[in-house]
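Colleague: Generate coordinates for the sequence data below:
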Amino acid sequence: MKFATKVIHAGTEPDPSTGAIMTPIYQTSTYVQAAPGKHKGYEYARSQNPTRKALEDALAAIENGKFGLCFSSGVAATDAVIKLLAPGDEVIAGNDMYGGTYRMFSKIFEKFGIRFHYVNMQEAENINNYINSNTKLIWMETPTNPLMNIADIEAIAKIAKSNNIILCVDNTFASPYLQNPLDLGADIVMHSATKYLGGHSDVIHGCLMLNDADLRERLYFIQKSCGAVPGPQDCFLVLRGIKTLHVRMQRHCENGAKIAHFLRNHPKVEKVYWNGFEDHPGYHIAKKQMRDFGGMMSFTLKDGSVDNATRVLSSTHVFALAESLGGIESLINHPASMTHASIPREERIKNGLSDTLIRLSVGIEDADDLIEDLNQAIG
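Modeller: Numbers count the residues shown, from 1 in each chain. The predicted structure is shown next:
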C-alpha cells in the first residue's frame, strides 16, 4: 500500500455498530465485563482504549513498523524509552537536540545513575569512542533541532547492532513522509506527534513505533504502569491529522525550499541552516535517507546582535512567534530563549547554537506571503 493511501486507511475501519467512517471517541474510563476476566479485549482505559488502539495501529503502519504506542506527549514517549534502563547504564546522545530532551536527560535521569554522553553524530564513527559495556542506548535526531545537522541512520544502526545497543531515532522533524528509520535499522522511532503528525497545533501527543515484540511488551508495561497515556480526544485529533500528512508535507517541502533559497540570497542574512542545499555537509546522506528536505530551517543575520534578532522575531505578521513546529501555520522561534533555554549557554555555544539563531517552521500558507513577511521583518 502506498503512503498516501496508508495514512488515510491504515488502522481504521468503519464503526461496526453505526457505519461511522471515522473511529469514534471512546470517552470511557472502564469497560463492563461479562464475568471476571471475561471481556471484549478492554478492561481499563489507562491500559487500552479503542480510539488509541486505532491510532497506534495507524502510526505503526506509516512508519513501516509492527507496533505503535501512544503517550501524552513527546517527552512522555522519550521518558518511557529511558525507563528501559537501570542505574549504571549509559546513553550516547546527539550533541544537537531538542532542549526538552536534554533537560530530561540531564536534570531527571542523571540523578538516578544513568550517564549520558553528548556526541557529534555527523560522523558515525564518533560514537565508537564512547561505547563500553554499560552502553545500552543510542539516542539520535536527524535532522537535528535546531541546527539541521544530518546523521547517517543506517551507519549508526550497524554500530548499535554490532554492540547489542538499542537505537532510538527522534523522527519528529522529518515525519514518516520523509524518512522511515525502522527501514534503516533503528529499533525504536519516537515522534512528538504534537508536531507534523497532528499538524494543526491543537493537541499534545507522543508515540513510539517499533518491530520487536519483546521490546514492545517492555514499553507497553511502562506505558500502562506509569500512566502517561493520551486521552481518546487527543488520539482522535492525531488520527485525523495523519490523514492529511502527505498533502501537508508536500506543501511544507515546497514552501521550505522557496524560503531557504530566499533567505540564502538575502543581503542581510549571514547563514541558512537547511539540509536541502547541495553544499550542506549532510546533503548526500539526507538525499539517501530522506525523500525531500522538509520545512524546518534556521538562520542568522549579518548584524549578529541579539537586539537585531529580537527585532526580526518580533516584527513578523504571518509567521507567529511561538514554540513548537510542524503545524499548518508558519512559526518563528528563538531557540536560545525558548525551546533550548534549558541547555546551558556554554553548551549551546560549543555546539554551534548561537544566541542570535532564528528557527523557522515553514507552514502551508502561500509562499509569496511568507517571503514578503520575512523580507519586511528583516528589513
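
Colleague: in this protein, which helix has the most residues?
Modeller: As assigned by DSSP state H, the longest helix anywhere in the chain is helix 245-264.

Colleague: What residues of that helix count as buried?
Modeller: Residues of helix 245-264 classed as buried by neighbour count (16 or more other CB atoms under 10 Å): 245-246, 248-249, 251-253, 255-257, 259-260, 262-263. C-beta here means a position set from N, CA and C on the backbone, and glycine is covered the same way.

Colleague: Helices of the stretch 151-300 of the chain, residue ranges please.
Modeller: Per DSSP state H, counting those that start in this stretch, the stretch 151-300 of the chain carries helices over the ranges 153-162, 175-178, 213-226, 232-242, 245-264, 283-289.

Colleague: Out of those, which gets nearest to Thr194?
Modeller: helix 232-242 (8.7 Å; CB to CB).

Colleague: Can you list the neighbours in contact with the closest one?
Modeller: With CB atoms under 8 Å, 6 or more residues apart in numbering as the test, helix 232-242 has contacts from 7, 11-12, 22-23, 25-27, 45, 49, 51-52, 54-55, 58-59, 62, 70, 72, 193, 197-200, 202-205, 207, 230.

Colleague: Mind checking which of those are buried?
Modeller: By 16+ other CB under 10 Å, the contacts of helix 232-242 give 7, 11-12, 23, 25-26, 45, 49, 51-52, 54-55, 58-59, 62, 70, 72, 193, 197-199, 203-205, 207, 230 as buried.

Colleague: is it true that Leu301 touches Ala377?
Modeller: No - taking contacts as CB atoms under 8 Å, Leu301 lies outside contact range of Ala377: 10.7 Å.

Colleague: Name the residues contacting each of the two.
Modeller: Val312.

Colleague: What is the neighbour count of Val238?
Modeller: Val238 is flanked by 28 other residues according to other CB atoms under 10 Å.

Colleague: try Glu13
Modeller: Neighbours of Glu13 under the rule other CB under 10 Å: 10.

Colleague: Kindly report the same for Glu278.
Modeller: 7.

Colleague: Ok, Gly363 next?
Modeller: Count around Gly363 with other CB under 10 Å applied: 25.

Colleague: Phi, psi for it please.
Modeller: The phi/psi pair for Gly363 (degrees, to the nearest 10) reads phi -90, psi -160.

Colleague: ok, the closest residue to it other than its chain neighbours to Gly185 distance?
Modeller: Leaving aside its sequence neighbours, Gly363 sits nearest to Ser330 (CB to CB, 6 or more residues apart in numbering; 3.7 Å). Shown here: Ser330 relative to Gly185, a distance of 34 Å by CB to CB, to the nearest Å.

Colleague: who has more neighbours, those two?
Modeller: Higher neighbour count among Ser330 and Gly185: Ser330, with 24 against 17, using other CB under 10 Å.

Colleague: Do I have it right that the more buried one meets Val318?
Modeller: Yes - Ser330 sits in contact with Val318 when judged by CB under 8 Å, with a separation of 6.1 Å.

Colleague: so what's in contact with those two at the same time?
Modeller: Glu365, Leu370.

Colleague: returning to what we had before: may I have the longest helix of the chain exported as CSV, CA atoms only?
Modeller: Listed in CSV are the C-alpha atoms of helix 245-264, where the atom choice follows Å, rounded to 0.1, in the frame of the first residue of the first chain:
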residue,chain,number,x,y,z
LEU,A,245,0.1,14.2,6.4
HIS,A,246,1.1,13.5,2.8
VAL,A,247,-0.5,16.6,1.3
ARG,A,248,0.6,18.8,4.1
MET,A,249,4.2,17.6,3.9
GLN,A,250,4.3,18.2,0.1
ARG,A,251,3.5,21.9,0.7
HIS,A,252,5.8,22.2,3.7
CYS,A,253,8.6,20.9,1.5
GLU,A,254,7.8,23.2,-1.4
ASN,A,255,7.5,26.3,0.8
GLY,A,256,10.6,25.3,2.7
ALA,A,257,12.7,25.2,-0.4
LYS,A,258,11.5,28.6,-1.5
ILE,A,259,12.0,30.2,1.9
ALA,A,260,15.5,28.7,2.3
HIS,A,261,16.7,30.0,-1.1
PHE,A,262,15.1,33.4,-0.4
LEU,A,263,17.0,33.7,2.9
ARG,A,264,20.3,32.5,1.4
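
Colleague: what's the average pLDDT for stretch 357-372?
Modeller: For stretch 357-372, mean pLDDT rounds to 98.
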